[in-house]
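>>> Output the structure for:
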Amino acid sequence: MRFTLEQIAAVTGGRMHGDGATEVAGVTQDSRDVRPGMLFVPLLAERDGHDFIGDAVAAGASACLTARGVAGADVDAVEVDDTQAALTALASEARRRLRAVPVVGVTGSVGKTTTKDLLAAVLARDRRVWASTRSFNNEIGVPITLLCAPEGSEAVVVEMGSRGSGHIAGLCAVARPTMGVVTTVGLSHTSELGSLAAVVLAKQELVEALPGAADGGVAFLNAGVPEVAAMASSTPARVVTFGHGGDVAAAQLTLDEDLTPRFVLSSPAGSCEVVLGARGLHSVDNALAAAAVGLELGVSLEDVAAGLAQPALSPLRMEVVRAAGGARLLNDCYNANPLSMRAALHALAAMPAERRIAVLGTMAELGDFEAAEHAAIASLAAELGVLVVAVDAPGYSFHDAAVTDVEGVDGALAALHHFGGLAADDAVLVKGSRVVGLERLVERLVAGNDA
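Numbers count the residues shown, from 1 in each chain. Okay, here's the model as predicted:
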């Protein structure tokens, strides 16, 4: 969206420095992502974003917010007390400008980003749609998503994450979703939330915030997950279900050797065949959620199937690539929690291979559940006949015979060499929480740089 410096100052209550007619289009808090004409918003994080205003200006930023004054900054600016609060205020104004445009919030313990990507592909078949990039799902990413929505957007999809009670409610206060999707619930961020019950309540905040049914609010709930289905009693919105036993469901489901699901989508609007452009059986519920929203918004069955077949998926999620020696690598290293780890291991087990190996990093932010959940994953791997290489994650060593503990990417490569190297008929899962950075291992295996 476009804002003038004068408008930014009025919305944020800030003091303008420069030409009030200066116009910005788009917002970022990362100087590396600046494109010409954008507004740069420096935030206090691991480093103070104000230290990068010069880089942002050099990259073409038209203006910036600042809470540290403007001395020496050769750029139009609005000085505010708190740049995060100002970002939130601007996002609320962006949402007001969207008026009656459908805004769909997507949350869940796993599958948020894939569902968001699939839904964006479905809606894009017949309208101009804007969706959050990557996993922009927190108090920074959601405002930026709204502010970057192009003029004339006809639908907006917003991913919403939670690290604690009230987080999603706060995001909803800014984004004011008209529809909401809950994919599933499980143990994630329990170091902050403390229990599965708390996770459920945190995700439920989305459907609690929706408009009533008479005002067009619709909650899309996974019928196959009892904790999610039970949220129907906590929302004023009309409820549409998806998944096993839901209004929108899958039948005749098959999976090919590259983990591509094929199924017949059934719905009140009719049925259609789907070849899904996202891998793994666990992606089917995400596709059904996207289909349910699309059908609710008037997308034809033909276009729903076409959108599900060719989504633009975010990286590092269930990508099947080849190692230099021909082994198939299942690259799912963006993040990990017990639900997604179990799904990935079952996906690996479904791949035809002489030998299956899982290179696993830690599952972070599990709190008191950490030891038991890592042991349970090791137990599942042993049950599925999967060899485990644990990278900086000794918690998997519950099954000593099946787990090899190593340090870092070099240690993982050494362990794979110890196994005799990777052959063309091997299948390897690479997965761990984002902090582990296992994408570096995938890069080296694909490039053949495994020395």
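
>>> Could you pick out the longest helix of the protein?
helix 83-98 (DSSP state H).

>>> partners of the next helix or strand after that one in the sheet?
As assigned by DSSP states H and E, the chain's next helix or strand after helix 83-98 is strand 103-107. When pairing is defined by DSSP bridges, strand 103-107 lines up against strand 155-159 (parallel), strand 179-182 (parallel).

>>> first vs last residue of stretch 274-283, how far apart are they?
Using C-alpha to C-alpha, to the nearest Å, one end of stretch 274-283 lies 12 Å from the other.

>>> Run through who's touching that stretch.
With contact meaning C-beta atoms under 8 Å, 6 or more residues apart in numbering, stretch 274-283 is reached by 110-111, 114, 117-118, 121, 250, 253, 255, 258-265, 284, 286-287, 291, 304-305, 308-311, 313, 318-320, 340, 343-344, 346-347, 350. Placement of C-beta: from N, CA and C, glycine included.

>>> Now it: average pLDDT?
What stretch 274-283 shows for mean pLDDT is 94.

>>> coming back round to it: highest mean neighbour count out of the strands paired with strand 103-107?
strand 179-182 (a mean of 30; mean count of other C-beta atoms under 10 Å).

>>> Send over it as PDB, restricted to the C-alpha atoms.
In PDB, the C-alpha atoms belonging to strand 179-182 read as follows (Å, rounded to 0.1, in the frame of the first residue of the first chain):
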ATOM      1  CA  MET A 179     -12.300 -16.000   8.000                       C
ATOM      2  CA  GLY A 180     -10.000 -18.300  10.000                       C
ATOM      3  CA  VAL A 181      -8.400 -21.700   9.400                       C
ATOM      4  CA  VAL A 182      -7.100 -23.900  12.100                       C
END
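
>>> tell me the strands in the stretch 251-400 of the chain, going along the chain?
For the stretch 251-400 of the chain, applying DSSP state E, counting those that start in this stretch gives strands covering 261-267, 270-275, 319-322, 328-331, 355-360, 387-391.

>>> For R163, find the nearest of these.
Shortest distance between R163 and the strands of the stretch 251-400 of the chain, using C-beta to C-beta, is found for strand 355-360: 23.0 Å.

>>> what's the helix or strand for A173?
helix 167-175.

>>> Ok, M16 next?
Using DSSP H and E, M16 maps to strand 15-17.

>>> From the contact counts, what lies against that strand?
helix 5-12, strand 76-79 (3 or more C-beta pairs under 8 Å, 6 or more residues apart in numbering; DSSP states H and E).

>>> can you give me phi and psi for the residue nearest the centre of the chain?
Nearest to the mean C-alpha position of the chain, by C-alpha atoms, centre = their mean, lies T113 at 2.9 Å. In terms of degrees, to the nearest 10, the main-chain angles of T113 are phi -70, psi -40.

>>> any idea how far it is from S132?
9 Å (C-beta to C-beta, to the nearest Å).

>>> Can you check which residues contact both of those two?
If you check T113 and S132 against C-beta under 8 Å, 6+ apart, the residues they both contact are E159.
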